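# got a predicted structure here, sequence first:
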Amino acid sequence: MGSLKSLGEGFLAATGLIWSFNIAALFRSGDAWLATLYLLILTIPVSTLLYLKLKNKKSQATLEGWEKWRSLLFSVQGAALAFWAFDIVTTFYAINVTGLAVELNPLGWPLGILGAFAYYGPTMVFSYVLLFKIKEGVAFYGAVPLALVTLGMGAMNLLAGAQNFQVFVDTAALAVGVRFGLLAVVGTVCLIVPFALKKTVTQPKPLCPNV
């Protein structure tokens, strides 16, 4: 479970970073309404994670020493997956929705996805084995360059995704009524989620019957 948590934390952290960059790009382009919509959507997972983090802070065990570094290194794999997913989603929009871009990978689209997966899949498995199964100093140091290369690959996906997202910035257009409708829906969800989460997490535990 520790490995899955590290992978998820890396994915969520990278997703939040990507989303923040997207918001900045939209504000810079002058599309304030869409940037505001993105910002409101971002507050939903952020507020949820913060609430759960603070709620469970006392009960969570603090990782120490090598375990902490193992978790940090494996979280890089989750971050790279987020960058790859961002590249895939924006490529789909640029090619399938707008038709303004083409796939440079010789495999074409969507088979070009397999090129990155051929690296990320085995690398994630190998990193997991080195960090959580072998648990020796040599294995840990072997996972360090692997994580750095993975981060470099993820950065390439992030750059490609950012270029594709610019196509979205240049072409996104919705009617005024649809814009305000989306803002109203997302704003309502932003108000409901914290109350629903608080009510769910703080539900009283059932009392044990007296014997």
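All right, it came through fine.

# mind listing what's buried in the longest helix along the chain?
Scanning the chain for the helix with the most residues, using DSSP state H, yields helix 137-171. Neighbour-count burial for helix 137-171, counted by 16 or more other C-beta atoms under 10 Å, picks out 139-140, 143, 146-147, 150, 153-154, 157-158, 160-162, 164-165, 167-169. From N, CA and C alone the C-beta is placed, and that goes for glycine too.

# for stretch 29-36, same thing?
Per 16+ other C-beta under 10 Å, stretch 29-36 contains these buried residues: 31, 34-36.

# if we can go back for a sec, quick one: mean pLDDT for the longest helix of the chain?
Averaged across helix 137-171, pLDDT comes to 87.

# assign residue 99 to helix, strand or coil.
What DSSP: H, G, I helix; E, B strand; the rest coil gives for residue 99 is coil.

# sorry, slip of the keys, the one I care about is residue 109.
Applying three-state DSSP: residue 109 is coil.

# okay, now it: neighbour count?
Using other C-beta atoms under 10 Å, residue 109 has 17 neighbouring residues.

# that one and residue 99 touch, don't they?
No: judged on C-beta atoms under 8 Å, residue 109 makes no contact with residue 99 at a distance of 11.6 Å.

# in terms of secondary structure, what does the helix or strand hosting residue 47 contact?
In this structure, residue 47 sits in helix 32-55 according to DSSP states H and E. Counting contacts by 3 or more C-beta pairs under 8 Å, 6 or more residues apart in numbering; DSSP states H and E, helix 32-55 is packed against helix 2-29, helix 176-201.

# going by mean pLDDT, which of those helices comes out lowest?
helix 176-201 (a mean of 66).

# what's the neighbour count on residue 79?
Residue 79, neighbours per other C-beta under 10 Å, totals 25.

# quick one: residues contacting it.
Contact analysis of residue 79 by C-beta atoms under 8 Å, 6 or more residues apart in numbering lists 10-11, 13-14, 151, 154.
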